[in-house]
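Novice: here are the coordinates; sequence isn't available:
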């Protein structure tokens, strides 16, 4: 039997992404988030307009989307309740956030230079996607009480770096989902993926049939 409820949040489970951006003074900001999905080589991120990450993305037009695996969960958790904004916004103060100038230092993660953007990649993350901001859309702008607080940011992926250990052996440019174990957040708790449950009918469609013009135009480090 189903019950009608009014949960405070609707985070039923999505991958964790670490967004790296460039601060005004040339230092790096690193922020975990999980309101994210992809369509082709476009990524859609749900973020607060008051966050340092959002402000950096809008100002520079760039970011790197780093996807941690289950093995980086402790490092991701060390970034919780921190912000690159100084002073800390009132709403975050009420939730216990504190300002941290060096997110890489407190997380224990290391940065490396990107190919196409100034924001750095996170070395430990098996997947790193360099991208540029294409559109910023307001969320809940129809409600005067929420207008200007949340944004949906469309990012065009410009370059994809993937750790060799999660690539398919027999297919170039393919991630093996049996090897890739993304870190998942569901209702503020960390989870990983279990083994494959069922042979998917959808998987009969070759992945290259979903390839968009963005992917063809992105090129690689050697092109």
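Specialist: On my side now, so go ahead. Since the model is a prediction, treat every value here as computed from it, not as a measurement. Numbers count the residues shown, from 1 in each chain.
Novice: For the residue nearest to residue 188 when sequence neighbours are not counted, which residues are in contact?
Specialist: Distance criterion CB to CB, 6 or more residues apart in numbering; nearest residue to residue 188, sequence neighbours excluded, is residue 11 at 7.0 Å. Heads up, the C-betas are built off the backbone N, CA and C, glycines and all. The neighbours of residue 11, taking CB atoms under 8 Å, 6 or more residues apart in numbering as the test, are 34-35, 185-188.
Novice: Of those residues, which is the nearest to residue 199?
Specialist: residue 186 (24.8 Å; CB to CB).
Novice: so how many other residues sit close to the closest one?
Specialist: 12 (other CB atoms under 10 Å).
Novice: can you pull the contacts of the closest residue to it other than its chain neighbours?
Specialist: Closest residue to residue 186 apart from its sequence neighbours, by CB to CB, 6+ apart: residue 13 at 3.7 Å. The contact partners of residue 13, by CB under 8 Å, 6+ apart, come to 184-186, 191.
Novice: If we use 7 Å, what do you get?
Specialist: Residue 13 makes contacts with 184, 186, 191, as judged by CB atoms under 7 Å, 6 or more residues apart in numbering.
Novice: now swap in residue 107 and tell me
Specialist: 30, 75, 78-79.
Novice: One more pass at 8 Å, please.
Specialist: Per CB under 8 Å, 6+ apart, neighbours of residue 107: 30, 75-76, 78-79.
Novice: repeat for residue 72
Specialist: Residue 72 neighbours (CB under 8 Å, 6+ apart): 109, 124-125, 183.
Novice: how about 6 Å then?
Specialist: Each residue near residue 72 by CB atoms under 6 Å, 6 or more residues apart in numbering is listed here: residue 124.
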